[in-house]
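Asks: Structure for this input, please:
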Amino acid sequence: MAFAAEVDIVITTIRDLDFLEKWRPFFLPYHLIIIQDGDPHKTIKVPEGFDYELHNRTNIVELLGPKASCISYKDTACRCFGYLLSKKKYIFTIGDDCSVAKDPTGKDINIVEQHLKNLSKPSTPYFFNTLYDPFRERCDFVRGYPFSLREGVSTAISHGLWLNFPDYDAPTRLVKPLERNTRYVDAVTTISKGSLFPMSGMNLAFNRELIGPAMYFGLMGEGHPISRYGDMWAGWCTKVICDHKGYGVKTGLPYVWHNKGNSAFVNLEEENNGIYWQEEIVTFFHSVKLSRDAITVEQCYLELAKQVKDKLSLIDPYFNKLGDAMATWIEAWRQFNPDTDPNFSSSERPM
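Replies: You can find the predicted model right below:
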């Protein structure tokens, strides 16, 4: 199990962080990287006692200069700036509209602890175990599971779920306004190789050393024709690269209690292009092939950026900008992590 010195918690917000009081027993041991979205002149209050750093748009521009163009504004996708700043092995990120959930016995769920359990145990993306995660306590591989695959692979991403409000898109919320998730499923499973998934950034942890350079939430929000799809974009990109690199992605436990966020009508306007484009985007990601020369995650991501420009720009010119931003993101990653890929050169930018 990881120690507190190996974990950063990244939070993005536009409001005072009173919600941290509910998380105090679980978050207090960890360092918080708080990214303030919106007006940088607004004062954000953080409850006393937490070890934290707070950054706003002014700080982002000061630290990144022209590269700040790759960090979204007025969208929670700006949280990935915190990933640049972190030097820890593991990063956990949570939405400020989430609070502590309880398991069926009434016990508060320690989400960081469960995410670290997921990330510290192997994944099994090459063959599905019908008892779900065979590395959990009192579980094992079932009869017929190949012995040659039982060591598993390193886990790069742990994707948690939600009680109360599911992470629905706006059209689904509009037609099911009263629906709540009350089902607590005591399970963790590995997402199979070749399968994509809709990654939510409100209850998410990842091994920064394995997949950090690909955990970019894209260009969202002000100045761009799409919003609220940053975590989806990062999920598609990271899953393709995890499959290429032989890493695993787990989903299931732990749960958070998801409180009602924005109006479904507001979300509908922000998600409109994402809903329209996602069918073609998912088809693109299913067809992506990375070369044998793409050894590091940075190299994988630059190859992916080029394919985004070459193929998705046929949907909309926005994807040309996004491809360029993906390359700029890697340059920013190299700026803050100069020792992780000694073979990287800015000449690798996709044209």
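Asks: Okay, strands next: where are they in the stretch 101-250 of the chain?
Replies: For the stretch 101-250 of the chain, the strands defined by DSSP state E, counting those that start in this stretch occupy 155-164, 188-190, 203-207, 248-258.
Asks: Identify whichever of these lies nearest to residue 76.
Replies: Proximity to residue 76 (C-beta to C-beta) singles out strand 203-207 among these, at 11.5 Å. Yep, even glycine has a C-beta here, placed from its N, CA and C like the rest.
Asks: how much space between residue 42 and residue 36?
Replies: 7 Å (C-beta to C-beta, to the nearest Å).
Asks: residues shared between the contacts of the two?
Replies: Common neighbours of residue 42 and residue 36 (criterion: C-beta atoms under 8 Å, 6 or more residues apart in numbering): residue 14.
Asks: out of those two, which sits in the busier spot?
Replies: Between residue 42 and residue 36, counting by other C-beta atoms under 10 Å, residue 36 is the more crowded of the two (23 against 12).
Asks: ok, and the closest non-adjacent residue to that one?
Replies: Computed as C-beta to C-beta, 6 or more residues apart in numbering, the closest residue to residue 36 that is not its neighbour in sequence is residue 56, at 4.2 Å.
Asks: quick one, phi/psi of the one you found?
Replies: Backbone torsions of residue 56, given as degrees, to the nearest 10, read phi -120, psi -170.
Asks: what's near enough to touch residue 186?
Replies: Contacts of residue 186 by C-beta under 8 Å, 6+ apart are 103-104, 253.
Asks: Looking at it now. What's its pLDDT?
Replies: Residue-level confidence at residue 186 comes out at 97, pLDDT.
Asks: Residue 267 now?
Replies: 89.
Asks: quick one: the closest residue to it other than its chain neighbours and residue 177, what's the gap?
Replies: Spatial nearest neighbour of residue 267, chain neighbours left out: residue 170 (4.0 Å); criterion: C-beta to C-beta, 6+ apart. Plainly put, residue 170 is 11 Å away from residue 177 if you go by C-beta to C-beta.
Asks: more neighbours, the two?
Replies: Higher neighbour count among residue 170 and residue 177: residue 170, with 21 against 8, using other C-beta under 10 Å.
Asks: That one against residue 268, yeah?
Replies: Yes. Counting by C-beta atoms under 8 Å, residue 268 is a contact partner of residue 170 at 3.7 Å.
Asks: residues contacting the residue most central in space within the chain?
Replies: In the chain, the residue lying closest to the centroid (C-alpha atoms, centre = their mean) is residue 201, at 4.7 Å. Residues in contact with residue 201 (C-beta under 8 Å, 6+ apart) are 76, 79, 93, 95, 217, 230-231, 234.
Asks: Just flag the most distant two among the residues you listed.
Replies: Top of the distance list for the contacts of residue 201 (C-beta to C-beta): 95 and 234, 14.5 Å.
Asks: number of nearby residues for the residue nearest to residue 36?
Replies: 19.
Asks: Test my guess that it contacts residue 62.
Replies: No. Applying C-beta under 8 Å, one finds residue 56 not in contact with residue 62, separated by 10.0 Å.
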